[in-house]
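Trainee: below are the sequence and a predicted model; questions follow.
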Amino acid sequence: MAKYLLLKHYRGAPAAVNDVRMDQWTPEEITAHLTYMRDFADRLEKTGEFVDGQALAPEGAWVRYDGEGRPPVTDGPFAETKDLIAGWMVIDVDTYERAVELAGELSAAPGAGGKPIHEWLELRPFLAAEPDTTECPH
């Protein structure tokens, strides 16, 4: 089994087919989307492929160590994570192909108008002690 991180982006990824921002969805559309995500995770929990997942609040900050006796530095001249990452899910699957299959299914979560979003999800393998470079084609 190999663990993969599925990242949902607010922006920074290629545009989704149903590219309507969530803040423009109706409450019913948001509920349908969250229900789809919850049902997806519940099904993977039953197969043993779900590890964890969370939606992220829009607030957040970058924090960096700034030297002995100095307070941490926050924010900086770069894109804000809070503006980029909407949420994540960790899966533990037998093959890269299965990870791609599940990412594709998650991409079909409903959005505006109840239609699938067809959003791009970032799929990243967890770094193992010795990475298997044959599984993930580049």
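Mentor: Okay, I see it.
Trainee: residue 115 contacts residue 19, doesn't it?
Mentor: No. Contact between residue 115 and residue 19 fails when scored by Cβ atoms under 8 Å: they sit 11.1 Å apart. Every residue, glycine included, has its C-beta placed from N, CA and C.
Trainee: after the helix or strand of the chain with the lowest mean pLDDT, next one along is what?
Mentor: In the chain, no helix or strand scores lower on mean pLDDT, DSSP states H and E than helix 81-84, which sits at a mean of 55. Next helix or strand after helix 81-84 toward the C-terminus (DSSP states H and E): strand 85-93.
Trainee: just the mean pLDDT for that next one, thanks.
Mentor: Mean pLDDT, strand 85-93: 90.
Trainee: report the next helix or strand after that strand in sequence order.
Mentor: Next along the chain after strand 85-93, taking DSSP H and E as the criterion, comes helix 96-106.
Trainee: tell me the helices and strands packed up against that following helix.
Mentor: With contacts taken as 3 or more Cβ pairs under 8 Å, 6 or more residues apart in numbering; DSSP states H and E, helix 96-106 sits against strand 2-9, helix 27-47, strand 85-93, strand 121-125.
Trainee: export those to TSV and tack on mean neighbour count?
Mentor: Listed next are these as TSV, based on neighbours: other Cβ atoms under 10 Å:
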stretch	mean neighbour count
strand 2-9	19
helix 27-47	14
strand 85-93	19
strand 121-125	17
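Trainee: could I get those in CSV, plus columns for distance to residue 111?
Mentor: What follows is the helices and strands packed on helix 96-106, written out as CSV (distance: least, Cβ to Cβ, whole Å):
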stretch, distance to residue 111
strand 2-9, 12
helix 27-47, 6
strand 85-93, 12
strand 121-125, 14
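Trainee: how about these, which one is nearest residue 62?
Mentor: Smallest distance to residue 62 across those (Cβ to Cβ): 12.2 Å, for strand 85-93.
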